[in-house]
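**Q** Here is my input; please provide its structure:
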Amino acid sequence: MKQDLHISLVRISIHVHPTELLEKVKMALCNLLQIDPEGLDKRLDTAVLEGDYGNKIHVLTYVLKSQKEIDAFVQQLKEKLPNDHKNVLRQNFESFYNGDNKTLYLRLHKQLALQNIFRISQYDDIIHVGIKFTAYSKLSIDGEHPNILKFLLDTGIIA
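**A** Predicted coordinates for the structure are as follows:
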């Protein structure tokens, strides 16, 4: 049975700490999304939290829902993530993918994104990316879960 597997949603969020410039972090997000700052501000959800010592922490969230936006984002990842990082995603797929909610979680280096360079990171200074998958079939290729790994390999997000 053929599966109609696709990315249904991409949620990107960034924490902006008091030592960071909000506009620079927004620019890193613009680089990742390939949009201008005005386009970003129109759809950016911003929450302000209180951190230690009363410091304000901004949480920026941007959600991609249209297929055109999702395709453009996937193309960015495909082109700008180096193969060694794509290999890390494949080798450690179970650490990045949550099968319960069918979401691939990536952590991208925030400072490098400001330079339009995309790298997987395990540090605190990151951009959180959640890539949600949807499958429209009762049975998947492996009998239990959609074959997300094959899909990611076929699209070139991982190597």
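
**Q** all strands of this structure, in order?
**A** 5-16, 45-50, 56-64, 97-98, 103-109, 126-135 (DSSP state E).

**Q** Could you point out which residue ranges in the protein have low pLDDT?
**A** Applying pLDDT under 70 to the chain flags residues 1-3, 136-146.

**Q** quick one: the helices in it?
**A** Per DSSP state H, the chain carries helices over the ranges 22-33, 37-43, 67-80, 83-91, 93-96, 110-114, 148-155.

**Q** could you dump the first one to PDB, C-alpha only?
**A** These are the backbone C-alpha positions of helix 22-33, laid out as PDB (Å, rounded to 0.1, in the frame of the first residue of the first chain):
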ATOM      1  CA  LEU A  22      16.300  41.000  19.400                       C
ATOM      2  CA  GLU A  23      16.800  42.300  15.800                       C
ATOM      3  CA  LYS A  24      19.900  40.200  15.200                       C
ATOM      4  CA  VAL A  25      18.000  37.000  16.300                       C
ATOM      5  CA  LYS A  26      15.100  38.000  14.100                       C
ATOM      6  CA  MET A  27      17.600  38.300  11.200                       C
ATOM      7  CA  ALA A  28      18.900  34.800  11.900                       C
ATOM      8  CA  LEU A  29      15.300  33.600  11.600                       C
ATOM      9  CA  CYS A  30      14.800  35.600   8.400                       C
ATOM     10  CA  ASN A  31      17.900  33.800   6.900                       C
ATOM     11  CA  LEU A  32      16.500  30.400   7.900                       C
ATOM     12  CA  LEU A  33      13.100  31.200   6.300                       C
END
